[in-house]
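what follows is a predicted protein model with its sequence.
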Amino acid sequence: MMVADEIRTGTYKQLFHPEQMVTGKEDAANNYARGHYTIGKEVIDLVLDRIRRVTENCTGLQGFLIFHSFGGGTGSGFTSLLMEHLSVDYGKKSKLQFSIYPAPQVSTAVVEPYNSVLTTHTTLEHSDCAFMVDNEAIYDICRRNLDVERPSYTNLNRLISQCDPRHGKYMAVCLLYRGDVVPKDVNKAIASIKTRRTIQFVDWCPTGFKV
């Protein structure tokens with residue numbers, strides 16, 4: 001059974017419209033070249049058509065969120081092909097990537113490092129912002145901090161899912177004022193933020209306010 005089939009029949013099937021779930025006849029067999037040049041080319045037009053239909057229903061399209069792995073053939077090869085087409089068709093729209101980097105401890109294919117190297121170039125050229133999730137770092141957290149001797153993908157996924165933005169910290173914040181605003185109002189707003197301490201910054205980054 002394919003991953004898409006599990007979603008179609010699983011608990012979260014109501015989250016996705018059946019028309020937007022595109023599957024092919026075969027996978028990329030953990031091969032970047034198959035995902036990008038052969039299998040990917042067979043379905044890219046269909047995928048772009050489904051994306052076009054969704055974007056046409058948007059009143060103000062801001063960009064795309066792309067979730068994929070670097071190690072698999074589809075995640076690396078086909079995603080690279082898709083990113084290239086999105087840059088052509090939606091050049092001014094932002095593309096944010098959430099990517100999983102492979103680790104040798106939980107590797108499912110010996111060619112994962114090659115796939116990662118080949119798709120990294122596309123990430124640099126066609127992505128506006130990339131959030132990397134390093135499987136090896138999460139693996140080490142499970143072993144050293146959580147006493148899990150042999151972490152599995154289930155352990156790694158559960159750890160990632162506990163990342164709650166409500167309890168996160170800011171690296172930087174920008175307040176932009178337009179129009180008839182005097183410096184007094186700006187300073188008052190900053191003083192209020194400092195007093196309430198509702199915004200927490202990371203300890204390794206300067207937290208000064210510059211006007």
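Yep, that arrived.

now the helices for this protein?
For the chain, the helices defined by DSSP state H cover 3-9, 32-33, 39-56, 73, 79-89, 112-126, 135-144, 153-161, 183-196.

of these, which is nearest Phe64?
helix 79-89 (6.2 Å; CB to CB). C-beta coordinates here come from the backbone N, C-alpha and C atoms, glycine included.

run the chain-centre distance for that closest one.
15 Å (CA atoms, centre = their mean, to the nearest Å).

same check on stretch 94-114?
With CA atoms, centre = their mean, you get 12 Å for stretch 94-114.

quick check: end-to-end length of it?
Its start and end residues considered, stretch 94-114 measures 27 Å (CA to CA, to the nearest Å).

what's in contact with that stretch?
Under the contact criterion CB atoms under 8 Å, 6 or more residues apart in numbering, stretch 94-114 has outside partners 30-32, 62-72, 75, 83, 86-87, 115-116, 123, 126-136, 139, 151-153, 156.

just the buried members of these?
For the contacts of stretch 94-114, a burial check counting by 16 or more other CB atoms under 10 Å picks out 30-32, 64, 66, 68-72, 75, 83, 86-87, 115-116, 123, 126-127, 133, 135, 139, 151, 156.

now do the domain split for the protein, please.
Listed domain ranges for the chain are 3-163, 169-211 (source: automatic domain parsing).

adding mean pLDDT, write the ones you listed out as CSV.
What follows is the domains of the chain, written out as CSV (pLDDT from 0 to 100):
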stretch, mean pLDDT
domain 3-163, 89
domain 169-211, 81
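
just say which of those domains is most tucked in.
Of all the domains of the chain, domain 3-163 has the most neighbours on average by mean count of other CB atoms under 10 Å, namely a mean of 15.

can I get the helices of the chain in TSV with distance to Ala172?
Formatted as TSV, the helices of the chain follow (distance: least, CB to CB, whole Å):
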stretch	distance to Ala172
helix 3-9	36
helix 32-33	35
helix 39-56	30
helix 73	37
helix 79-89	26
helix 112-126	22
helix 135-144	23
helix 153-161	23
helix 183-196	13
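
for Lys25, which of those helices is the nearest?
Across these, closest to Lys25 is helix 39-56 (CB to CB), at 8.3 Å.

the helices of the chain: which one's closest to Gly168?
Nearest of the helices of the chain to Gly168, taken as CB to CB: helix 153-161 at 13.6 Å.
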